[in-house]
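K.L.:
show me how the following folds:
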Amino acid sequence: MARALYIHWPFCEKKCPYCDFNSHVRESVDLEAWQDALIQDLRAEADAAADEALTSIFFGGGTPSLMPPALVANLLEEADRLWGLTPEIEITLEANPSSVEAANFAGLAKAGINRVSLGIQSLDDETLMWLGRLHGSIEALKALETAQKSFERVNADLIYAVPGQSPKQWRDHLTRALGFGTSHLSLYQLTIEPGTRFATDVRHGRFEPLNDDAAAELFGLTQELTEEAGLPAYETSNHARPGEESRHNLTYWRYQDYSGIGPGAHGRRGGFATTRHRKPENYLTAVNERGHGIAEQQVLANTEQAAEALLMGLRLTEGVDLHSLERRFAIPRRELIQMPKLEQYRGLGLLWYEGTRLGVSPEGRPVLDGLLAELVPNSLVAA
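P.N.:
Numbers count the residues shown, from 1 in each chain. Reported below is the predicted structural model:
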């Protein structure tokens, strides 16, 4: 059942003002207690879903590059014992480019990490300070150089469409980033998420987000520059050389099964949705008392699964195979997708529909969320 495994490390040195991920700042972390808890949670999850060898493992956070390499190695060893790892497994770890974490790279590579996702976010010191990052641009570049020497594959995260950013500024910024030679770039427009400090700042009038038209122009520029550089978009915000796509994230977007352990981690396996306790202390208590960190587990109706498969799959440039979804979820095509809307937006050049595959065209990507709201029937989403 489980093709992929997600391990969440919830701790950060500082909470960034734009971040709505399940991340927490603590004065100290009991590493022995966390290793014991995560291994127990791994075993519980393997009892429910361990009939296939893992094709990918992803350490997310939080800041998992703060984990000692020995802890990472022990978790990977246990995952191998429980599931087995395919020979070409992709093992990714998210990292922040502080000098302390960069010094861990050699140890993490020895532990088994073969792909790192580096949260550079910007190459401009003023922007990095505004984003609440602990590193500067020089430190980021040094960490990137170290990562490229330590790991087989490297992704760099960048945030754009920050207030006041001009097309020229982003063109210069992205052109420089493309010159570093990484095989993958994750390029995210700044989004003001509810519950973040930035959401409070916007509400109090401390800054105004870039307007939609300006952000759309930067999105178009992003597609143009990455395509020219040989890193086309394979998902709305992710760009890679052919063959260098994130296999783990493709598991999500293709709606394949995955297990998730650690605080706040989600999983999808065998028609079940699992959610772990979010707060680290509650997670530890749950594992100690019950042997796993699951806060909620529910059976997903076929309609719910179909809606999730469409909402995830249409983010990919490859689109979705409607015939395959029909068979998988036993839902007729006319109930799976709003066919009149499909034809309408196909006629406007926002969608493509070839054989049984449906996808969003480059012209439709800037308005993806609106298209999804029109295409996916309410009967599926509200099920």
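
K.L.:
pretty sure E335 is in a helix, no?
P.N.:
Yes: counting by DSSP: H, G, I helix; E, B strand; the rest coil, E335 falls inside a helix.

K.L.:
these two touch, right, it and V376?
P.N.:
No: using C-beta atoms under 8 Å, E335 is not in contact with V376; the gap is 10.9 Å. C-betas here are computed from N, CA, C, even on glycine.

K.L.:
these two: who's more crowded?
P.N.:
Neighbours were counted for E335 and for V376 using other C-beta atoms under 10 Å; V376 has more, 21 against 15.

K.L.:
the more buried one touches E304, doesn't it?
P.N.:
No: with contact defined as C-beta under 8 Å, V376 does not count as touching E304 (11.5 Å).

K.L.:
T222 touches L187, doesn't it?
P.N.:
Yes: with contact defined as C-beta under 8 Å, T222 counts as touching L187 (5.5 Å).

K.L.:
joint contacts of those two?
P.N.:
Contact criterion C-beta atoms under 8 Å, 6 or more residues apart in numbering; residues shared by T222 and L187: Y160, L174.

K.L.:
between those two, who's got more neighbours?
P.N.:
L187 (25 against 22).

K.L.:
which residues are in contact with the host helix or strand of the more buried one?
P.N.:
For L187, the element it lies in under DSSP states H and E is strand 184-189. Strand 184-189 has contacts (C-beta under 8 Å, 6+ apart) with 117, 153-161, 174, 177-178, 215, 218-219, 222, 226, 231, 237-241, 244-246.

K.L.:
please identify the buried residues of it?
P.N.:
For strand 184-189, a neighbour-count test (16 or more other C-beta atoms under 10 Å) marks H184, L185, S186, L187, Q189 as buried.

K.L.:
tell me the domain ranges of the protein?
P.N.:
As assigned by automatic domain parsing, the chain contains the domains 4-252, 302-381.

K.L.:
compare those domains and give me the one nearest K279.
P.N.:
The closest of the domains of the chain to K279 is domain 4-252. By C-beta to C-beta, the value is 7.6 Å.

K.L.:
first-to-last residue distance for the closest one?
P.N.:
Using C-alpha to C-alpha, to the nearest Å, the end-to-end distance of domain 4-252 comes to 9 Å.

K.L.:
quick one: name whatever helix or strand follows the helix or strand hosting E281.
P.N.:
Assessed by DSSP H and E, E281 sits inside helix 280-290. Downstream of helix 280-290, the first helix or strand assigned by DSSP H and E is strand 294-299.

K.L.:
ok now that next one, how far from the chain's centre?
P.N.:
Centroid separation for strand 294-299 versus its chain: 21 Å, with C-alpha atoms, centre = their mean, to the nearest Å.

K.L.:
just checking, next helix/strand downstream of that strand?
P.N.:
The helix or strand immediately downstream of strand 294-299 is helix 302-313, counting by DSSP H and E.

K.L.:
where is the longest strand in the chain?
P.N.:
Ranked by residue count, the top strand of the chain under DSSP state E comes out as strand 85-95.

K.L.:
give the buried residues for that strand.
P.N.:
L85, I89, E90, I91, T92, L93, E94, A95.

K.L.:
elements contacting it?
P.N.:
strand 54-61, helix 69-82, strand 115-121, helix 247-253 (3 or more C-beta pairs under 8 Å, 6 or more residues apart in numbering; DSSP states H and E).

K.L.:
show me the contacts for A156.
P.N.:
Contacts of A156 (C-beta under 8 Å, 6+ apart): S117, L118, I120, L144, A177, F180, T182, H184, L185, S186.

K.L.:
nearest spatial neighbour of the last one, chain-adjacent residues omitted?
P.N.:
Excluding its sequence neighbours, the residue lying closest to S186 (C-beta to C-beta, 6 or more residues apart in numbering) is D157, at 4.7 Å.
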